[in-house]
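# build me a model:
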Amino acid sequence: MGYEKEYDGIIIGAGHNGLITQAYLARTGLSTLSIDKGQHAGGGLQTPEDNALPGFFHGTHAVSLKGVTSSPWFKDLQLADWGVRFVAPDPSITSIQRDGRAIVWYASPERTAESIAQFSERDARTWRTIAAEHQDVVRELVGPEMSSPAVGSEKRDRILRGSELGRRYLKYAPLSPRQFIEDTFESDAVKAMLLYYCVIREVDVNVPDQGNVVPTFLASQVPGEIAVGGSYSLARALKHDVYAHGGHIMEQTTPRRIVVEGGRAVGVELEDGSLIRARQFVASSLNPHQTFLQLLGDDSPAELTQKTQDFKYQKVGQIFGVNVALKDAPDYTAAAANPDINKARLTFLGLDDPADVLRLYDNADRGIVSDQVMLIGGCPTVHDPSQAPPGHHAAYMWQKTPYALGGDPANWDTHKERHLETVLDFWRGYAPNLGGANLLGAFAGTPLDTERRFPSMQRGDLFHGWFGPGQRGVDRPFPGMRGHAVPGVERLYLAGSSAHPGGNITGFPGYLAASQIADEVGISRWWGVRNIWAELAGGEQ
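Purely as a prediction, here's the structure:
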């Protein structure tokens, strides 16, 4: 078998992180190739057109993005020049109660507090105070930490304790999010909303040493965004930039193994037997099981294999998603009191009792779908009409459900259509116009469908792994990593959501991987990477 092609670097998995890594390195002059099993690169950014109703475009995974336009990679890669644009709805979130009242979460903490006051004047005051106290923390520490190389927890905490701002950040850190919420707020409506927000951000509310995430949520001024034309427009811009700088992308291509010679990653063998050589590096944006067990196989160091086998995936991160084509947008009964409710980027339904949210963890273990059908969704076409035919709308609703329904994920195949109707019925209880002639079409996707469509989202985990102790920060995906470099295999790197700082559409795993690869292969970087820890420690390394 001869070598068919040769590149300086190969990236396995062309989701947004993989494409970001490739885009940066292609601009250095390296010859690059990314390989993706899917029909279209971009991973969860897909926005497929409705098969039954052409002209309707449905976000099935990454619909609502957070802070993309303010990220360094979006600016560095000049993606706006490729036509990608975003809108930032305000309010960002509304949580509608069964009695018709709603918490409306605006960009302005003051307006949010006014909405909370109908449930608790004390909670309204507390919200204002926390948002004000942590605004600088989010801007000067939390945001920069996401885009900085990770450091060990002891060093991190020591550096943070050296400043007043850092001490403020650490104030609630020892708590679990659940404990912080229960200790801080009195209204069930506020507690349930914040617990559920943690869940959708893939934060395990029961795990200690992350109580400070809730104050950062309240204080964040980074807007939630919707991509005009659908999230795939971001993937398309990344692809254009890769091509424009000489990169190659092979879609509908399945890798068989990472080729290792003399302890160094030197290429990728494809499913058809073709071998593509990598002169400088191989990077994987897939999950640890795919990278280390399937693709490295016998070349995976024994310690790495064991750590991978112990790697955990999210327990309540999986979604049952319903996408609908509508004539008129959802009209919530609660909007009679506040029309802004119909304009929210995200809508929460059924979050009256925090116990219902907490029960999701036990339900996941037992394979049970909650009988309190808590939902999160939105209607992007309220803000971007281009995702539906003129005068029409595309909307979606997600429910957090177990991956293994009744102990077996295959049960979703027979339960899907029935549960689709359950979700629609619950949704209509809040927006009665979602029926009759207004509902033009609907389809559902299960956690098993997610795994089938995107194998890197193992067990339907959108974030490529749990964020508990031992799997976050410098320890992501597990302790012993050398940044994004794989220990024991030279010139092999992780560039996906299983690496620091983790999942969601942040782009930072790909951004940081590109920086480390460039430094270690001896390529001069055309971009700078801020290291918040070196800054705070006065240059300490």
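# okay, buried residues for stretch 14-34 please.
Neighbour counts using 16 or more other Cβ atoms under 10 Å place 14-28, 30-34 of stretch 14-34 among the buried residues. For the C-beta atoms, the positions are set from N, CA and C on the backbone; glycine is no exception.
# do stretch 270-286 as well
For stretch 270-286, using 16+ other Cβ under 10 Å, the buried residues are 270, 274-276, 278, 280-286.
# cool, and stretch 144-162?
Applying a neighbour-count criterion of 16+ other Cβ under 10 Å, one finds 144-151, 156, 159-160 buried in stretch 144-162.
# next, the distance between the ends of it.
The straight-line separation of the ends of stretch 144-162 (Cα to Cα, to the nearest Å) is 17 Å.
# need the contact partners of it.
Contacting residues not belonging to stretch 144-162 are listed as 71-72, 141, 166-167, 169-170, 473-474, 476, 483, 500-501, 506, 508, 511-512, 515-516, 529-533, 536-537, 540 [Cβ atoms under 8 Å, 6 or more residues apart in numbering].
# possible to save the buried residues of stretch 144-162 as a markdown table with secondary structure?
Written out in a markdown table, the entries for the buried residues of stretch 144-162 read as follows (DSSP: H, G, I helix; E, B strand; the rest coil):
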| residue | secondary structure |
| --- | --- |
| P144 | helix |
| E145 | helix |
| M146 | helix |
| S147 | coil |
| S148 | coil |
| P149 | coil |
| A150 | coil |
| V151 | coil |
| R156 | helix |
| I159 | helix |
| L160 | helix |
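# so which of the buried residues of stretch 270-286 is the closest to H61?
S285 (15.2 Å; Cβ to Cβ).
# which one among the buried residues of stretch 144-162 gets closest to A334?
Minimum distance to A334 across those is 33.9 Å, recorded for M146 (Cβ to Cβ).
# how close does the closest one get to G502?
Counting by Cβ to Cβ, to the nearest Å, the separation of M146 from G502 is 9 Å.
# pretty sure G445 is touching G321, no?
Yes. Under the contact definition of Cβ atoms under 8 Å, G445 touches G321, with a separation of 4.6 Å.
# quick one: common contacting residues for those two?
Taking Cβ under 8 Å, 6+ apart as the contact criterion, the common neighbours of G445 and G321 are T60.
# and the pLDDT for Q541?
Per-residue confidence at Q541 stands at 43 (pLDDT).
# equivalent analysis for K66, please.
Looking at K66, the pLDDT reads 89.
# for the residue lying closest to Q309 once chain neighbours are set aside, give its distance to T253.
In space, not counting the residues next to it along the chain, Q309 is nearest to L293; the distance is 7.6 Å by Cβ to Cβ, 6 or more residues apart in numbering. L293 sits at a distance of 20 Å from T253 (criterion: Cβ to Cβ).
# counting neighbours, go ahead and name the busier of these two.
When neighbours are counted by other Cβ atoms under 10 Å, T253 comes out ahead of the other of L293 and T253, with 20 against 16.
# surely A442 and V324 touch.
Yes. A442 is within contact range of V324, at 4.6 Å (criterion: Cβ under 8 Å).
# common neighbours of the two, please.
Each of L424 lies in contact with both A442 and V324 under the rule Cβ under 8 Å, 6+ apart.
# neighbour-wise, which of those two wins?
V324 (27 against 20).
# can you give me the mean pLDDT across the helix or strand hosting that one?
Element membership for V324, per DSSP states H and E: strand 319-326. Model confidence over strand 319-326 averages 97 on the pLDDT scale.
# where in the protein is pLDDT low?
Applying pLDDT under 70 to the chain flags the ranges 1-3, 539-541.
# I'd like the distance between I319 and T347.
From I319 across to T347, the span is 15 Å (Cβ to Cβ).
# neighbour count winner among the two?
A direct count of neighbours by other Cβ under 10 Å for I319 and T347 places T347 higher, at 26 against 23.
# ok but that one is inside a strand, no?
Yes. Remark: T347 belongs to a strand, assigned using three-state DSSP.
# contacts only, for it.
Applying Cβ under 8 Å, 6+ apart, we find T347 in contact with 93-96, 330, 332, 341, 375-378.
# repeat the analysis, applying 7 Å as the threshold.
Under the criterion of Cβ atoms under 7 Å, 6 or more residues apart in numbering, the contact list for T347 reads 94, 96, 377-378.
# next one: V68
By Cβ under 7 Å, 6+ apart, the neighbours of V68 are 74, 86, 225, 234, 505.
# out of the residues you listed, grab the one that's most surrounded.
Neighbours were tallied for each of these (criterion: other Cβ under 10 Å), and the maximum of 28 neighbours falls on L234.
# in a helix, that one, correct?
Yes. Per three-state DSSP, L234 lies within a helix segment.
# V87 is in contact with P223, correct?
No. Here P223 lies out of contact with V87, judged by Cβ atoms under 7 Å, at a distance of 9.3 Å.
# so where do the strands sit in the stretch 101-250 of the chain?
In chain order, the stretch 101-250 of the chain shows strands spanning 102-105, 224-227, 248-250, with DSSP state E, counting those that start in this stretch as the criterion.
# meant to ask about the stretch 351-500 of the chain
With DSSP E, counting those that start in this stretch as the criterion, the stretch 351-500 of the chain has strands at 375-378, 393-400, 439-445, 492-494.
# winner for burial among these?
Comparing the strands of the stretch 351-500 of the chain on average neighbours per residue, with mean count of other Cβ atoms under 10 Å, the densest one is strand 492-494 at a mean of 27.
# next SSE downstream of that one?
Heading C-terminal from strand 492-494, the first helix or strand you meet, by DSSP H and E, is helix 508-521.
# starting at the chain centroid, how far to that next one?
With Cα atoms, centre = their mean, to the nearest Å as the basis, the distance from the averaged C-alpha position of helix 508-521 to the chain average is 20 Å.
# before we move on, back to that, now the contacts of V68 in a markdown table, with distance to A337?
As requested, these are exported to a markdown table (distance: Cβ to Cβ, whole Å):
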| residue | distance to A337 |
| --- | --- |
| F74 | 37 |
| F86 | 29 |
| E225 | 27 |
| L234 | 35 |
| I505 | 33 |
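# tell me which of those residues is nearest to V260?
Sorting those by distance to V260 puts I505 at the head of the list, at 31.3 Å, by Cβ to Cβ.
# measure that closest one to A444 for me?
Taking Cβ to Cβ, one finds I505 at 22 Å from A444.
# show me where the stretch 51-200 of the chain has helices.
Remark: helices of the stretch 51-200 of the chain, listed N- to C-terminal, are 72-76, 109-116, 121-137, 143-146, 153-160, 164-170, 177-184, 188-200; assignment by DSSP state H, counting those that start in this stretch.
# hang on, the earlier thing: pretty sure the residue nearest to Q309 contacts T308?
Yes. With contact defined as Cβ under 7 Å, L293 counts as touching T308 (5.7 Å).
# who touches stretch 434-450?
Stretch 434-450 has contacts (Cβ under 7 Å, 6+ apart) with 50, 52-53, 60, 318-328, 330, 401, 403, 409, 412, 416, 420, 424, 427-428, 457, 460.
# span of it from start to end?
The straight-line separation of the ends of stretch 434-450 (Cα to Cα) is 25 Å.
# and if you look at stretch 127-146?
Using Cα to Cα, the end-to-end distance of stretch 127-146 comes out at 24 Å.
# and for stretch 49-69?
Using Cα to Cα, one end of stretch 49-69 lies 25 Å from the other.
# next one: that stretch to chain centre, how far?
Remark: stretch 49-69 is offset 15 Å from the chain centroid, using Cα atoms, centre = their mean.
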